[in-house]
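In: Here's a sequence, model it:
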Amino acid sequence: MKRSLASLILLLSACQPSPHETQPPAPPSAAVTVADPWLRATPPGAPVAGGFLTLHNGTSADDRLLAVESAAAQRVEIHEMRDEGGVARMRELVDGLPLPAGTTAELKPGGHHLMFIQPTRALPAGEQVDATLVFERAGRMPVVFEVRPLGAAAPHH
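Out: Modelled structure (predicted):
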């Protein structure tokens, strides 16, 4: 009986966390999260495909989307649309997209967006495209884009 009790105490003490163990990971609300990633469908040979999503920085530190990687295109650029004298102009954000602490950035048609340059294949509606978002602080984050019909618009929230 004493041996069983001693074994039980030893077993239970082994289950206690060490005072030197690291803190548990932060809850999902305290992280950079991605919602509703989608691409606009393309016909064969299309030179570009637009990518859209919503990013939320639930942390207390500023972050930045630095790059996007995908085997579905020769390269992916982060773009913004600007109205310059009544003319919409698109330009690459070479320094990435700032994502201040506690904010949400919506990448949508007519605004900030991702440009999949030289898709490696046609992207018909209904397919999925793997990509990796690269953040300055949050690091690499895999994401799957849903391909939506050519005329698709941003979802209404």
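In: tell me the helices in the chain, going along the chain?
Out: 2-14 (DSSP state H).
In: Tell me how many other residues surround the residue nearest to Pro142 when sequence neighbours are not counted.
Out: Nearest residue to Pro142, sequence neighbours excluded (Cβ to Cβ, 6 or more residues apart in numbering): Thr132, at 5.4 Å. (C-beta placed from N, C-alpha, C; glycine too.) Using other Cβ atoms under 10 Å as the criterion, Thr132 is surrounded by 15 other residues.
In: Quick check: bridge partners of Thr132?
Out: Judged by DSSP bridges, the bridge partners of Thr132 are Glu69, Pro142.
In: cool, Val76 as well?
Out: Going by DSSP bridges, Val76 forms beta bridges with Val68, Phe116.
In: measure it to Ala61 for me?
Out: Remark: distance between Val76 and Ala61 (Cβ to Cβ, to the nearest Å) = 25 Å.
In: Repeat that for Arg91.
Out: Distance of Arg91 to Ala61, computed by Cβ to Cβ: 27 Å.
In: Can you show me the strands along the protein?
Out: 32-40, 48-57, 63-69, 73-84, 87-92, 97-99, 104-107, 113-119, 128-135, 139-148 (DSSP state E).
In: hang on, the earlier thing: quick one: which of Val76 and Ala61 has more around it?
Out: Neighbour totals were compared for Val76 and Ala61, and Val76 leads with 20 against 13 (other Cβ under 10 Å).
In: Enumerate the beta-bridge partners assigned to the closest residue to Thr33 other than its chain neighbours.
Out: Distance criterion Cβ to Cβ, 6+ apart; nearest residue to Thr33, sequence neighbours excluded, is His56 at 4.9 Å. When bridges are called by DSSP bridges, His56 pairs up with Thr33, Thr104.
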